[in-house]
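Novice: can't give you the sequence, but here's the structure:
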């Protein structure tokens, strides 16, 4: 399915952004789930996807990025060189490409994009397909032991689904991107399960029964060994440790570095994927889950924006943006954040289900301010956020304006959560530097 034409790509900048803007004019669609254009381009580039290190492919609705972060942390703890391709970026497009432990340089990325532009010869291609091709070219040219590839949207027709991984991973599936993936969990699960390959192990998070039935049927049809949470593997948190169990044994590990009960599952997915891969990972390397870093996932801010709040107050940032993300946040708030008044600053992408995202958060918040940043890509109007909150939210203007209002109206330490959109998160991180 093809989306509306793309606006100016304000989320890209620098020399790479200029090249991507030129390429965007060749096929100006935000989303077009198809593989034919990319297959043609990769063939003309010499099929770099066939010359990458062993791959772990990660799909799902929530938790993809965090699972990739845990995979990387474990791999690097084991001494492996790890490539990682994720999307979207928050501040700079180079964040999408981690090559053997380091983000790609702007110079190398620009050179790669120029090469792709030349080889493409003005033929129709989407920006995400170009970025996917860039990842494959970069990863094929730099030696490494493992490549972690995050799906962009869906799975079956996502540009990344050209690859043949050694392990596939499917994180939690919920309603999101219905216009492209379908209006039921079964339809969405069908798209996500499209990454399952014949005879390739697939690691699966706990799922709604409707989604799990689809995944298991797909795996069975392809003779793909299926390892499902609480069936073939499990994770159990204690006050100080995470206990992982599967048929190979038990691991007693430190708690994950990323906050939230859902991160226990994401860490478990990463552990299960590597334990069912052809890589040799020593047991002590799984302690790497305590070192994983993933921006804008319940990330505390310590930069310039803290100058705008009262002493001892806190600012946190989360990029979750669908109803399940709202439920996960609400659970974490109830379990961990009862010591200070919680004030939300919310900005969302214009096609998101803001009502269901906010519903579990409204009762837990002392206030909600709806915001839009000038550089926020595809931002939902403030009035729509207010309406979806049942008129509980008020207009905050921009993030900085909302922070100043909170400082004026609160004399005691408070906790502030900026949330609702990865595009908003990117804008916030730029301002906090």
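Specialist: Arrived safely. These figures come from a predicted structure and were not determined experimentally.

Novice: Quick check: the gap between residue 425 and residue 340.
Specialist: Computed with C-beta to C-beta, to the nearest Å, the distance linking residue 425 and residue 340 is 22 Å. Placement of C-beta: from N, CA and C, glycine included.

Novice: which of these two has more neighbours?
Specialist: More neighbours surround residue 425 than the other of residue 425 and residue 340, with 26 against 15 (other C-beta atoms under 10 Å).

Novice: measure that one to residue 19 for me?
Specialist: Between residue 425 and residue 19 the computed distance is 25 Å (C-beta to C-beta).

Novice: Let me know the secondary structure of the residue most central in space within the chain.
Specialist: The centroid of the chain falls nearest to residue 65 when counting by C-alpha atoms, centre = their mean (3.6 Å). Of the three states, residue 65 takes helix under DSSP: H, G, I helix; E, B strand; the rest coil.

Novice: Check which helices and strands the worst-scoring helix or strand of the chain on mean pLDDT is in contact with.
Specialist: Using mean pLDDT, DSSP states H and E, the weakest-scoring helix or strand in the chain turns out to be helix 178-181, at a mean of 72. If you count contacts as 3 or more C-beta pairs under 8 Å, 6 or more residues apart in numbering; DSSP states H and E, helix 178-181 packs onto helix 185-192.

Novice: Go ahead and confirm the residue nearest to the centre of the chain touches residue 150.
Specialist: Yes. Taking contacts as C-beta atoms under 8 Å, residue 65 lies within contact range of residue 150: 6.5 Å.

Novice: Pull up the overlap in contacts between the two.
Specialist: The contact sets of residue 65 and residue 150 overlap at residue 86 (C-beta atoms under 8 Å, 6 or more residues apart in numbering).

Novice: Could you chop the chain up by domain?
Specialist: The record's domain parsing of the chain by automatic domain parsing lists 14-291, 299-432.

Novice: chain center to the first one, what's the gap?
Specialist: Right, the one you point to is domain 14-291. Chain-centre distance of domain 14-291: 9 Å, with C-alpha atoms, centre = their mean, to the nearest Å.

Novice: The last one now?
Specialist: Relative to its parent chain, domain 299-432 has a centroid offset of 19 Å by C-alpha atoms, centre = their mean.

Novice: for it, what is the average pLDDT?
Specialist: Averaging pLDDT along domain 299-432 gives 96.

Novice: Can you get me the start-to-end distance on that domain?
Specialist: 12 Å (C-alpha to C-alpha, to the nearest Å).

Novice: mind listing what the closest residue to residue 225 other than its chain neighbours touches?
Specialist: Spatial nearest neighbour of residue 225, excluding adjacent residues (C-beta to C-beta, 6 or more residues apart in numbering): residue 201 at 4.6 Å. When contacts are counted by C-beta under 8 Å, 6+ apart, residue 201 touches 166, 167, 168, 224, 225, 226, 227, 276, 277.

Novice: Can you name the residues bridging to the third one?
Specialist: Spelled out, that is residue 168. residue 57, residue 202 (DSSP bridges).

Novice: Quick one: the strands in the stretch 301-433 of the chain, in order.
Specialist: For the stretch 301-433 of the chain, the strands defined by DSSP state E, counting those that start in this stretch cover 314-318, 342-346, 367-371, 394-397, 415-419.

Novice: what would those look like in a markdown table with mean neighbour count and distance to residue 61?
Specialist: Shown next, in a markdown table, are those (neighbours: other C-beta atoms under 10 Å; distance: least, C-beta to C-beta, whole Å):
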| stretch | mean neighbour count | distance to residue 61 |
| --- | --- | --- |
| strand 314-318 | 21 | 16 |
| strand 342-346 | 25 | 20 |
| strand 367-371 | 25 | 24 |
| strand 394-397 | 18 | 28 |
| strand 415-419 | 26 | 17 |
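
Novice: In CSV, list these along with distance to residue 81.
Specialist: Formatted as CSV, the strands of the stretch 301-433 of the chain follow (distance: least, C-beta to C-beta, whole Å):
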stretch, distance to residue 81
strand 314-318, 30
strand 342-346, 39
strand 367-371, 41
strand 394-397, 44
strand 415-419, 34
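
Novice: For residue 254, which of those strands is the nearest?
Specialist: strand 314-318 (21.9 Å; C-beta to C-beta).

Novice: strands paired with that closest one, and their directions?
Specialist: Partners of strand 314-318 in its sheet, by DSSP bridges: strand 299-301 (antiparallel), strand 415-419 (parallel).

Novice: which stretches of the stretch 251-400 of the chain form helices?
Specialist: Taking DSSP state H, counting those that start in this stretch, the helices of the stretch 251-400 of the chain run over residues 262-275, 323-336, 354-358, 382-388, 399-409.

Novice: What's the local residue count around residue 18?
Specialist: Neighbours around residue 18, by other C-beta under 10 Å: 14.

Novice: Quick check: buried residues in the host helix or strand of it?
Specialist: Take DSSP states H and E as the rule and residue 18 turns out to sit in helix 14-24. For helix 14-24, burial by neighbour count (16 or more other C-beta atoms under 10 Å) applies to 16, 17, 19, 20, 23, 24.

Novice: do the same with stretch 109-122
Specialist: Buried residues in stretch 109-122 (16+ other C-beta under 10 Å): 109, 110, 112, 113, 116, 117, 119, 120.
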